[in-house]
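Q: Make a model of this:
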Amino acid sequence: MTVSPLSGAHCGNHPAVAAVEICTRCGTFLCGDCVEYFQETTPACASCLPLLKGGPASVRARVSPLFSTVGLACLLAGFVVRGRAGLAIWAVGFVIGFAGLAFGVQELRLISAKQAGERGRGWARAGLVIGAIFALGFGLLAASFALFTWRAFGRPG
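A: You can find the predicted model right below:
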């Protein structure tokens, strides 16, 4: 004899009513009046259903490709501008570009955990692709500086 996980559970919104389902996303116990279904099989509460349906993309998802693109543009602009100004552009681009990459990673993790809407997936992926190109460029830049320093000043030690 198996015991239902809902035995004795009551609705999170109506404590006097027995629960019939559990929200897939947040785990709230739901009665027959409160339960809604995503794709006819996945139980959800009223506040989680829009996230499962794919509400609008979050700001984090939409700025991910923007920040990654600005970082990539700063990387390229740093080659054109000479001296300290070029180094400052690279520093700003480094921070902004990696922020875009981090936003994309964070958004995809939240989407996988069903804590963010599906509509942000495309934005986050675009941020990751542009961010990967940006990170590769900065990696090559760092390697070239290291090689230049090693050739100019010899091995440390």
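
Q: Where do the strands of the protein begin and end?
A: Remark: strands assigned in the chain by DSSP state E are 21-22, 29-30, 36-38, 42-44.

Q: Save those as TSV, and put in mean neighbour count, mean pLDDT and distance to Leu72 too.
A: (C-beta placed from N, C-alpha, C; glycine too.) Putting the strands of the chain into TSV (neighbours: other CB atoms under 10 Å; pLDDT from 0 to 100; distance: least, CB to CB, whole Å) gives the following:
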stretch	mean neighbour count	mean pLDDT	distance to Leu72
strand 21-22	20	88	44
strand 29-30	24	90	46
strand 36-38	16	84	37
strand 42-44	21	86	39
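
Q: now those in TSV, with distance to Leu136?
A: Formatted as TSV, the strands of the chain follow (distance: least, CB to CB, whole Å):
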stretch	distance to Leu136
strand 21-22	44
strand 29-30	47
strand 36-38	38
strand 42-44	39
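
Q: how distant is the lowest-mean-pLDDT helix or strand in the chain from the center of its chain?
A: Within the chain, confidence by mean pLDDT, DSSP states H and E is lowest for helix 49-53 among all helices and strands, at a mean of 74. Averaging C-alpha positions (CA atoms, centre = their mean, to the nearest Å) puts helix 49-53 17 Å from its chain's average.

Q: again with stretch 49-57
A: For stretch 49-57, the distance to the chain centre is 15 Å (CA atoms, centre = their mean).

Q: Quick one: end-to-end distance for that stretch.
A: End-to-end span of stretch 49-57 (CA to CA, to the nearest Å): 15 Å.

Q: And the contacts of that stretch?
A: 24-25, 36, 38, 42, 44, 114-120, 122-123 (CB atoms under 8 Å, 6 or more residues apart in numbering).

Q: Sort out which residues of stretch 73-91 are buried, please.
A: Across stretch 73-91, burial judged by 16 or more other CB atoms under 10 Å covers 74-75, 78, 89-90.

Q: Poorly predicted segments of the chain, please.
A: Counting by pLDDT under 70, the chain has low-confidence residues at 1-6, 54-55, 155-157.
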